[in-house]
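Visitor: Here is a sequence with its predicted model. Questions after.
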Amino acid sequence: MADSTTSRASYTLDSSLDSVNKIEQLAEQYAVRAGFDEDAVPQIAMAVREAAVNAVLHGNAYDSGKHLVASFETTTDSLIIRVSDQGPGLDPERIPDPLAPENILRGSGRGIFLIRAFMDEVHFRQLHPGTELTLIKHRTPAQPGT
């Protein structure tokens, strides 16, 4: 396991695809530093990318006057990533099931599904305005003999 000290950092970025790319790169760096393996690191980065895309596209609607905030926290137990927007808000209960027959062929709508699949915990919080998504990946201690 990587060092067990707690660290935190927060970034405020424009509502743009460049910002999405930056947040994805940061997520990868934090996941590596937190000691996640080569399978988990790209999954964490992809989940964070999906959250950032949703914040920029659906939350802020590419509005240059609105920002995206991403924070990264490494604790002894977990990597905690929060992504928030300044949009109208999101009700997670109203997100269509991407596996439902009527949605299978849709070209979008799988972001939250992927986030939930790749992370151990996903929490939504209404900010008024905006939505904050908290993504948590638990750290597992090294097994004896490894």
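Guide: Nice, thanks for sending it over.

Visitor: going forward, measure contacts between C-alpha atoms and count neighbours the same way
Guide: Will do.

Visitor: Mind listing residues that contact the lowest-mean-pLDDT helix or strand in the chain?
Guide: Least confident helix or strand of the chain, by mean pLDDT, DSSP states H and E, is helix 111-118 with a mean of 90. The contact list for helix 111-118 (Cα atoms under 8 Å, 6 or more residues apart in numbering) reads 43-44, 46-48, 50-51, 54, 98, 122, 135.

Visitor: Downstream of it, the next helix or strand is which one?
Guide: strand 121-126 (DSSP states H and E).

Visitor: quick one: that next one to chain centroid distance?
Guide: 10 Å (Cα atoms, centre = their mean, to the nearest Å).

Visitor: can you check stretch 11-18 too?
Guide: Distance, centroid of stretch 11-18 to centroid of chain: 14 Å (Cα atoms, centre = their mean).

Visitor: same question, stretch 55-71
Guide: 14 Å.

Visitor: what's the answer for stretch 120-135, then?
Guide: With Cα atoms, centre = their mean, you get 10 Å for stretch 120-135.

Visitor: same check, this time on stretch 112-121
Guide: 9 Å.

Visitor: do stretch 76-89 as well
Guide: Here the centre of stretch 76-89 is set off from its chain's centre by 6 Å, with Cα atoms, centre = their mean.

Visitor: what does stretch 83-94 give?
Guide: With Cα atoms, centre = their mean, you get 13 Å for stretch 83-94.
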